[in-house]
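Participant: model the following, please.
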Amino acid sequence: MNYKEKKHIPANIVAYRLFKKKLNRFTRRILGIISLVFLISSFSLDNNTPTANEETLTVENLRDLLESEGVQHADIVLRQAIQETGWFKCSNCSLSKNNIFGFYYKKKYLTYDNWQECVRYYKRWQDRHYKGGDYYDFLKKVGFATDPMYVKRLKALSIN
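Facilitator: As a prediction, this is how the structure comes out:
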């Protein structure tokens with residue numbers, strides 16, 4: 001048999017090989033889709049659902065944690081969290097990352113495992129940057145918010 005001659009493969013074997021190849025592609029796609037669905041379903045759409053060791057984010061729970069962590073000016077900081085998250089109800093803000101104060105780095109919101117970790121981060125941030133004096137003036141100086149009405153809005157928030 002000369003190298004130019006082709007080997008004759010019966011049509012049923014060719015059809016079987018093509019079918020097997022298409023079945024493998026189809027199986028890989030289905031497995032990929034199933035994996036993707038499983039991955040998506042493993043993420044909760046409601047990031048505020050508490051796990052066994054964390055509480056739901058409420059004004060009372062936040063106030064208690066701010067005080068227990070020793071955050072200075074807890075009443076103002078509480079107002080900041082409310083302002084940043086729209087009373088903990090925003091859907092397109094840093095709350096989805098458990099970032100209740102809107103902290104960001106390189107134009108991206110920081111992400112926390114839970115809102116309590118964000119409070120602890122705020123405490124460390126405050127300890128590094130706040131050296132005393134009027135807290136509202138401090139927030140203006142450090143540029144906590146770019147909105148010139150930020151402090152006025154914080155003062156106007158009524159929380160009881």
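
Participant: what's the average pLDDT for the helix or strand where residue 15 lies?
Facilitator: Assigned by DSSP states H and E, residue 15 belongs to helix 11-42. Across helix 11-42, the average pLDDT comes to 81.

Participant: now the element after that helix, going C-ward?
Facilitator: helix 59-68.

Participant: show me which residues of that next one are buried.
Facilitator: By 16 or more other Cβ atoms under 10 Å, the buried positions in helix 59-68 come out as 61, 62, 63, 65, 66. Every C-beta, even on glycine, is put in place using the N, C-alpha and C of the backbone.

Participant: now do that helix: everything it contacts.
Facilitator: Helix 59-68 is contacted from outside by 55, 74, 77, 78, 81, 82, 100, 115, 116, 119, 159, using Cβ atoms under 8 Å, 6 or more residues apart in numbering.

Participant: return the distance of that helix from the chain's centre.
Facilitator: Mean-position distance between helix 59-68 and its chain equals 21 Å (Cα atoms, centre = their mean, to the nearest Å).

Participant: repeat for stretch 128-140
Facilitator: 27 Å.

Participant: and the end-to-end length of that stretch?
Facilitator: 16 Å (Cα to Cα, to the nearest Å).

Participant: now that stretch: mean pLDDT?
Facilitator: 94.

Participant: equivalent analysis for stretch 89-96, please.
Facilitator: 89.

Participant: just checking, what packs against the helix holding residue 15?
Facilitator: Packing partners of helix 11-42 (3 or more Cβ pairs under 8 Å, 6 or more residues apart in numbering; DSSP states H and E): none among the helices and strands.

Participant: of all the buried residues of helix 59-68, which comes closest to residue 90?
Facilitator: residue 62 (14.8 Å; Cβ to Cβ).

Participant: distance check, that closest one against residue 69.
Facilitator: Separation of residue 62 from residue 69 (Cβ to Cβ, to the nearest Å): 11 Å.

Participant: common neighbours of those two, please.
Facilitator: residue 119.

Participant: cool, thanks, talk later.
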